[in-house]
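Asks: Predicted model follows, preceded by the sequence.
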Amino acid sequence: MQSTPHAQSAQSTAKPKLPQLLVPAASSLSAMQIQLVVACGRDRAIGERGAMPWYLPADLKHFKSTTAHTCLIMGRKTFESIGRALPLRRNIVVSSDQSLAHTNPNIEVATSFEAALELATVMPAAAMTSCSQSAVQVVPYGVISIIGGAGLFARGLEVANRLEITEIAAEFPQADTYFPEIDRKQWQVEALQPDIEAEPCYYFCAAEQPQDFAQH
C-alpha cells in the first residue's frame with residue numbers, strides 16, 4: 001500500500017438558513033463516489049449489543065464532516081441505533097419494513113442493498129413538490145456513504161471506491177459485530193492522521209482504489 005498526502009475538503013456542517021433537499025448530481029451509479037464510513041478496533045470490532053462500544057467525540061465530528069451533503073445508506077439496526085434521520089444528508093434505510101418511512105418521514109426505505117443504490121441515483125419522491133417551494137435549497141450530492149451495519153459493509157466493499165476508517169488502537173473482546181476483512185492490495189492509502197490527544201490513540205484513515213483497479 002502506498003501512502004500519499006491528502007487534505008480532505010471540509011464540508012460545511014453549519015445549520016442552513018433554508019431547509020435543504022439533497023438530490024443526486026448524476027443519474028448513473030458509475031458517476032458517484034461510493035464510500036464506506038466506519039470506526040473499528042484493531043480486531044475490526046464495530047458494535048456490541050446494538051451500539052458502538054466507545055464514545056469518541058472527535059470521531060463523531062469526523063463522521064459528521066465526512067458524510068455531510070452525501071446520501072447515506074444504512075441498515076435498519078444502524079438506523080435504530082441512531083434513532084433519527086441525520087440532517088444535511090439523504091437517509092436511505094435498507095429494510096423489509098416499509099412502515100419505517102411512515103413513522104420516520106425524513107427517511108426512505110429500500111428493500112435491498114441493490115435497491116438502495118438505485119434509489120440513491122434517482123430524485124427523492126418529495127423533490128417535485130419541494131422544488132416548487134421557494135423556501136427550499138436544492139443541494140446536489142455526488143457521494144454515497146454506506147455507514148453500516150456489518151452486512152451492508154460486506155456488500156459495500158463490492159462496489160465502494162473509497163474507505164473512511166477510524167482505526168482505534170484497542171481491542172474489544174465483548175464486541176459481537178465486526179467490519180469485514182479488507183484485501184489491502186486493492187486499496188491505496190492517501191491519508192493517515194493520528195489523533196494524538198485521544199486515549200487510546202486512534203487514526204483517521206482514507207483510502208481509495210487505484211484507477212486501474214476494477215471491482216468484480
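Replies: Right, received. Where do you want to start? All values reported here derive from a predicted model rather than from experimental measurement.
Asks: And the next helix or strand past the longest helix belonging to the chain?
Replies: In the chain, taking DSSP state H as the definition, the longest helix is helix 57-67. Downstream of helix 57-67, the next assigned helix or strand under DSSP states H and E is strand 71-75.
Asks: ok, back up a step: enumerate the positions of the longest helix of the chain that are buried.
Replies: By neighbour count on 16 or more other C-beta atoms under 10 Å, the buried set for helix 57-67 is 59, 62, 63, 66, 67. The C-beta positions use only the backbone N, C-alpha and C, and glycine is treated the same way.
Asks: hang on, isn't the fourth one packed against residue 145?
Replies: By that I understand residue 66. Yes: if you go by C-beta atoms under 8 Å, residue 66 and residue 145 touch, sitting 7.3 Å apart.
Asks: Please enumerate the shared neighbours of the two.
Replies: Contact criterion C-beta atoms under 8 Å, 6 or more residues apart in numbering; residues shared by residue 66 and residue 145: 35, 37.
Asks: Does anything pack onto the longest helix of the chain? Which helices or strands?
Replies: strand 33-41, strand 162-168 (3 or more C-beta pairs under 8 Å, 6 or more residues apart in numbering; DSSP states H and E).
Asks: Could you say which one of these comes nearest to residue 81?
Replies: strand 33-41 (13.0 Å; C-beta to C-beta).
Asks: Give me the residues contacting that closest one.
Replies: Contacts of strand 33-41 (C-beta under 8 Å, 6+ apart): 46, 52, 54, 56, 59, 63, 66-67, 70, 117, 142-148, 153, 156-157, 159-168, 170-172, 175, 178-179, 202.
Asks: Do a quick rundown of the helices in the chain.
Replies: 57-67, 76-82, 100-103, 113-120, 127-131, 150-156.
Asks: related to what we said a few turns ago, in a markdown table: the helices and strands packed on helix 57-67, plus distance to residue 21 and mean neighbour count.
Replies: Shown next, in a markdown table, are these (distance: least, C-beta to C-beta, whole Å; neighbours: other C-beta atoms under 10 Å):
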| stretch | distance to residue 21 | mean neighbour count |
| --- | --- | --- |
| strand 33-41 | 20 | 21 |
| strand 162-168 | 25 | 21 |
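Asks: Looking at these, which is nearest to residue 194?
Replies: strand 162-168 (9.6 Å).
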